[in-house]
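S.K.: No letters, just coordinates:
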């Protein structure tokens with residue numbers, strides 16, 4: 001079991017004694033609380049992305065930061081994947097700041113595999129989707145019925161199932177079927 005303690009506030013008390021011009025003794029008491037602890041909350045963008053929002057924030061201990069959004073370079077097929085703490089929430093807002101913190105947005109390049117069959121409805125193609133660049137993906141081409149035979153892919157490959165490595169951008173694969 002853990003014991004939770006209520007937060008405490010330190011109060012400094014300074015007592016000053018002085019003598020007035022009439023010879024009377026008077027006592028002045030001053031009280032002051034220490035300055036609150038302020039932390040720096042920083043956000044950084046990894047390669048191929050940028051940030052929207054205040055990237056350097058001064059936050060009082062226990063306070064919350066403001067929202068920051070990670071923006072990937074979509075022109076080159078990058079996507080936001082995570083923050084340096086593993087969070088995949090975008091935009092990010094830190095709700096309890098208890099120290100100086102830095103978060104980096106991570107981006108990754110993705111490629112898209114698009115697939116069709118020729119003629120349409122002559123067969124089923126599998127493997128289409130969005131994948132991280134460098135991923136090995138298995139593509140498949142399966143005749144819709146015994147009336148069709150798989151012939152080849154648009155690049156001349158004649159294997160019904162094949163593996164391809166994903167590259168950046170959009171890659172189109174067409175499976176050609178012939179009547180049986």
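M.R.: The structure has been received and is ready for your questions. These numbers come from a predicted model, not from an experiment. Residues are numbered from 1 along each chain as shown.

S.K.: SS state for residue 54?
M.R.: On the three-state scheme (DSSP: H, G, I helix; E, B strand; the rest coil), residue 54 is labelled coil.

S.K.: since we're on the residue nearest to it when sequence neighbours are not counted, how many residues are nearby?
M.R.: Sequence neighbours aside, residue 66 is the residue nearest to residue 54 in space, at 5.3 Å (criterion: Cβ to Cβ, 6 or more residues apart in numbering). Bear in mind the C-beta positions are built from the backbone N, C-alpha and C, glycine included. Here the neighbour count serves as a burial measure; for residue 66 (other Cβ atoms under 10 Å) it reads 13.

S.K.: helix/strand/coil for residue 66?
M.R.: coil.

S.K.: List the contacts of it.
M.R.: Applying Cβ atoms under 8 Å, 6 or more residues apart in numbering, we find residue 66 in contact with 53-54, 57, 93.

S.K.: swap the cut-off to 10 Å and go again
M.R.: For residue 66, the contacting residues are 41, 43, 53-54, 57, 59, 91, 93-94, by Cβ atoms under 10 Å, 6 or more residues apart in numbering.

S.K.: which of those residues sit farthest apart?
M.R.: Of all pairs drawn from the contacts of residue 66, the widest gap by Cβ to Cβ lies between 59 and 91 and measures 16.2 Å.

S.K.: ok, these two, which is more surrounded?
M.R.: In this view residue 59 and residue 91 are compared by other Cβ under 10 Å, and residue 59 has more residues nearby, 20 against 15.

S.K.: Which residues does the more buried one form beta bridges with?
M.R.: residue 39 (DSSP bridges).

S.K.: is it true that it touches residue 93?
M.R.: No: look at residue 59 against residue 93 with Cβ atoms under 10 Å: they stay out of range, at 11.1 Å.

S.K.: Overlap of the contact sets of those two?
M.R.: Taking Cβ under 10 Å, 6+ apart as the contact definition, residue 59 and residue 93 share the neighbouring residues 65-66.

S.K.: by contact count, what packs against the one helix or strand residue 141 maps to?
M.R.: Counting by DSSP states H and E, the element that carries residue 141 is strand 136-143. Applying 3 or more Cβ pairs under 10 Å, 6 or more residues apart in numbering; DSSP states H and E, one finds that strand 136-143 makes contact with strand 101-118, strand 123-126, strand 148-153, strand 161-165, strand 169-179.

S.K.: Kindly recompute the last result at 7 Å.
M.R.: Strand 136-143 makes packing contacts with strand 123-126, strand 148-153, strand 161-165, strand 169-179 when contacts are defined by 3 or more Cβ pairs under 7 Å, 6 or more residues apart in numbering; DSSP states H and E.
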